[in-house]
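Engineer: Need a 3D model of the sequence below.
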Amino acid sequence: MRPAGEFCWMDIKTPDLDATERELDSALGWECVVDPDDHRDPATVRKARFEGHWMAGLCSLRSGAYPPGTEPHVSYYVAVDDAARVHDAAVTAGGTSVAPPSPIAGLGVLATVVDPFGAAVSLWQPGTFAGWTHPVTPGTPRRLVHTSTTPTSAGRFYRDGLGLALSDAVFRTRTGEPPGWTALIQIADRPATTLAPVRLPSGHVFLFA
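Structural biologist: Model (predicted):
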């Protein structure tokens, strides 16, 4: 499991669960199934797994939980010891609260903010669900990449302002894409030296290396 201060999960929001399942299987070999331990409606929520480890959640944008017209996107979660404390620290440091800390059926406590650089991030205080357990191997998330116009300041916001280690995160200058976090998926057993943005037909973007 990932310790506090590190990314621990991602949730893929999509208008078409079946199509996104096929894309993840084709691109990464991830199998999408209903998690019997998940309390949510299996018609609108599933999980992707790889070699026995959960990789991501899949949530339907047509479930009624999202405003009409919400674009496909991926939410990234950082493990924290105290979601309320980190949420308030983010707002004090110039971030914007999107969702205040709320318990999720015993699974954990969730809060979401947009950092001062335009990137959304979710804060996850684990309960019965802690997120990723996989080792970093080909086919799994290797690290998270934050893009903005001021990467040095962005790094300070998270590491100094929020007290998050984020040892597997890197901060880069954006080159036309919107600011945000993107998962780097390792697809070969070698150092990640070249990042190749890959946009799935569903509209979700990952970095492959």
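
Engineer: In terms of secondary structure, what does the longest helix along the chain contact?
Structural biologist: Ranked by residue count, the top helix of the chain under DSSP state H comes out as helix 17-28. With contacts taken as 3 or more Cβ pairs under 8 Å, 6 or more residues apart in numbering; DSSP states H and E, helix 17-28 sits against strand 7-14, strand 31-33, strand 45-50, strand 53-60. (Glycine included, C-beta is placed from N, CA and C.)

Engineer: Quick one: low-confidence residue ranges for the chain.
Structural biologist: Judged against pLDDT under 70, the low-scoring parts of the chain cover residues 189-195.

Engineer: show me the contacts for the residue most central in space within the chain.
Structural biologist: With distances taken as Cα atoms, centre = their mean, the residue of the chain nearest its centroid is Tyr76 (1.8 Å). The contact partners of Tyr76, by Cβ atoms under 8 Å, 6 or more residues apart in numbering, come to 7, 9-10, 121-122, 144, 181, 183.

Engineer: Mind checking what secondary structure it has?
Structural biologist: Secondary structure, DSSP: H, G, I helix; E, B strand; the rest coil: Tyr76 is strand.

Engineer: Pairing partners for it in the sheet, please.
Structural biologist: Met10 (DSSP bridges).
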